[in-house]
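Q: For reference, the sequence and a predicted model appear below.
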Number of protein chains: 2
Amino acid sequence: MLADTPSPRPFSTIRWTAAQQRTMTAALDLFGMHGVSGTSLQMIADMVGVTKAAVYYQFKTKEEIVIAVAANELAILEDALLAAEAEPERPHARRVLLTRVIDLAVTRRRWVSTLTNDPVIIRVLGEHEPFRHFMSRLYAVLLDEREADDTVARVSAAVLSAAIAGSVVNPLVTELDDETLRTTLIQLTQRMLDLPDPPNG
Amino acid sequence: MLADTPSPRPFSTIRWTAAQQRTMTAALDLFGMHGVSGTSLQMIADMVGVTKAAVYYQFKTKEEIVIAVAANELAILEDALLAAEAEPERPHARRVLLTRVIDLAVTRRRWVSTLTNDPVIIRVLGEHEPFRHFMSRLYAVLLDEREADDTVARVSAAVLSAAIAGSVVNPLVTELDDETLRTTLIQLTQRMLDLPDPPNG
DNA sequence: GTCTATATGACGATAGAC
DNA sequence: GTCTATCGTCATATAGAC
């Protein structure tokens, strides 16, 4: 099930300078707390410890910062997607993807809500072809072609991804440590998938 | 299972003038498109067809608009919660709540993401006691006390609410009409709950 | 209840010194 | 690569006429 795409790793290969990475880290933290529109370049500059002009030297516009941050996050997801796409059997590929996505969602839960729900992030992801293409690869693995009804397959995939992305930010689970949340989530989503346990692990 | 609260309907009883309601409707639409921080009072005024000053006559600050809009949405949820709280049996109460919440989430899916994820909405809901109290009533019905493990109960409730709120805004289901999405979602979440079908319908 | 006009400050973004 | 200083625009919010 290898994807017949021009380049299967469009995001992981992008390189950033150290100064750019400092800016992106601060931006991601602030986006997670206040959303993209609620985060000003002054706030980012203050957190990095430089002036606004220094931030503008690293990125020409605020939008470029958003794109860089989004691409950086998708680069992490990309490894999980490639691992899933390498699996020959669809149900097993789906299980691999879910396990790794849950891993990521739990450890990076502070930023999950912004990355999946922020209006500016959604707009940017929709306007740039590499992002759109990546999302369709993700959903291709997630959609269950065994379902006779396409509607049920679509809603199931939507429920599954929403359950992961949304549950990790719920106040009910903020006090749970990563490992507990991770294990419980995998257990619950496997039950949702109605998949048998893997033979060796 | 009647809640022993001072007033069980803190939101539905609030009254607004017609002019305030026009402002709140416009604000909700714009919040849904651009988020709260991405929506200016000028945009709201333009959509209503008045000037900024006229909007400021209805609400002293932007924050007051956010509070009014949030309270208005919780008022709709309040009816669903009261119906659930009136049920003597917990599992049945949970099923009633889920069915009605899914109804609301589907028909109002344009605004669900903002209302559950926008950083400003979340901050406002956390800062005001009536909102906090309402949310704890919601979770009280949603939490499954039959679960031996509190962790599993918490994560299950988080997964369930996230699945509903998050799935209705997924691009995979935007083309589905309300009735189809509603029916499919109820079917899938009932399966998740592992509840038996109700005796009479 | 809505208007014009304005105060005050923050926003994204740029020029040019170092 | 970072700084100071600044531009033009837009933000929230207010005063006072009608």
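A: That came in fine, so what should we check first?

Q: Okay, now the unreliable bits of chain A?
A: For chain A, applying pLDDT under 70 flags the ranges A:1-7, A:194-201.

Q: what about the helices in it?
A: A:18-34, A:41-48, A:52-58, A:62-85, A:90-107, A:109-117, A:119-127, A:129-142, A:150-167, A:178-193 (DSSP state H).

Q: Could the C-alpha coordinates of the third one be exported in CSV?
A: Output for helix A:52-58, consisting of C-alpha atoms alone and laid out as CSV, is shown next (Å, rounded to 0.1, in the frame of the first residue of the first chain):
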residue,chain,number,x,y,z
LYS,A,52,9.3,42.3,16.9
ALA,A,53,11.7,43.3,14.1
ALA,A,54,14.0,40.3,15.0
VAL,A,55,11.0,38.0,14.5
TYR,A,56,10.2,39.6,11.2
TYR,A,57,13.8,38.8,10.1
GLN,A,58,13.0,35.1,10.6
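
Q: Give me the helices and strands touching it, please.
A: Helix A:52-58 sits against helix A:18-34, helix A:41-48, with contacts defined as 3 or more Cβ pairs under 8 Å, 6 or more residues apart in numbering or on different chains; DSSP states H and E. Bear in mind the C-beta positions are built from the backbone N, C-alpha and C, glycine included.

Q: same check, this time on the last one
A: Applying 3+ Cβ pairs under 8 Å, 6+ apart, we find helix A:178-193 packed against helix A:90-107, helix A:150-167, helix B:150-167.

Q: Swap in 6 Å and give it another go.
A: Helix A:178-193 sits against helix A:90-107, helix B:150-167, with contacts defined as 3 or more Cβ pairs under 6 Å, 6 or more residues apart in numbering or on different chains; DSSP states H and E.

Q: does any bit of the last one sit next to chain A?
A: Right, the one you point to is helix B:150-167. Yes. Judged by Cβ under 6 Å from any Cβ of the partner chain, helix B:150-167 comes into contact with chain A through B:Thr151, B:Val152, B:Arg154, B:Val155, B:Ala157, B:Ala158, B:Val159, B:Ala162, B:Ala163, B:Gly166, B:Ser167.

Q: And those, which of them are buried?
A: B:Thr151, B:Arg154, B:Val155, B:Ala157, B:Ala158, B:Val159, B:Ala162, B:Ala163, B:Gly166, B:Ser167 (16 or more other Cβ atoms under 10 Å in any protein chain shown).

Q: Closest one to B:Leu28 out of the residues you listed, please.
A: When those are compared for distance to B:Leu28 (Cβ to Cβ), B:Gly166 wins out at 19.2 Å.

Q: Just give the number of residues close to the residue of chain A found nearest DNA strand C.
A: In chain A, the residue that lies nearest DNA strand C is A:Ser40 (3.1 Å; Cβ to the nearest atom of the strand). Neighbour count of A:Ser40, defined by other Cβ atoms under 10 Å in any protein chain shown: 13.

Q: Dihedrals phi and psi, it?
A: Dihedral pair for A:Ser40: phi -100, psi 160, per degrees, to the nearest 10.

Q: Could you do A:Leu143 as well?
A: phi -70, psi 130.

Q: Write out the residues of chain A neighbouring DNA strand C.
A: Contact residues, chain A versus DNA strand C (Cβ under 7 Å from any atom of the strand): A:Thr39, A:Ser40, A:Leu41, A:Gln42, A:Met43, A:Lys52, A:Ala53, A:Tyr56, A:Lys60, A:Thr61, A:Lys62, A:Glu63.

Q: Compare the residues you listed and tell me which is most surrounded.
A: Within the residues of chain A next to DNA strand C, most neighbours by other Cβ under 10 Å means A:Thr39, with 27 neighbours.

Q: Let me know the distance separating the nearest residue to that one once chain neighbours are set aside from A:Val36.
A: Among residues not flanking A:Thr39 along the chain, A:Leu30 sits closest, at 4.3 Å (Cβ to Cβ, 6 or more residues apart in numbering or on different chains). Separation of A:Leu30 from A:Val36 (Cβ to Cβ, to the nearest Å): 9 Å.

Q: Next: A:Ile76.
A: Distance from A:Ile76 to A:Val36, by Cβ to Cβ: 19 Å.

Q: and the gap between A:Glu179 and B:Thr151?
A: In terms of Cβ to Cβ, A:Glu179 sits 11 Å off from B:Thr151.

Q: make that A:Val168, sorry
A: The gap separating A:Val168 from B:Thr151 is 14 Å, by Cβ to Cβ.

Q: more crowded one of A:Ile76 and A:Val36?
A: A count of neighbours by other Cβ under 10 Å puts A:Val36 above the other of A:Ile76 and A:Val36, at 26 against 14.

Q: Quick check: phi and psi on A:Glu87?
A: Main-chain torsions, A:Glu87, degrees, to the nearest 10: phi -80, psi 130.

Q: typed the wrong thing, it's A:Asp177
A: For A:Asp177, the backbone dihedrals are phi -70, psi 160 (criterion: degrees, to the nearest 10).

Q: What is the neighbour count of it?
A: 8.
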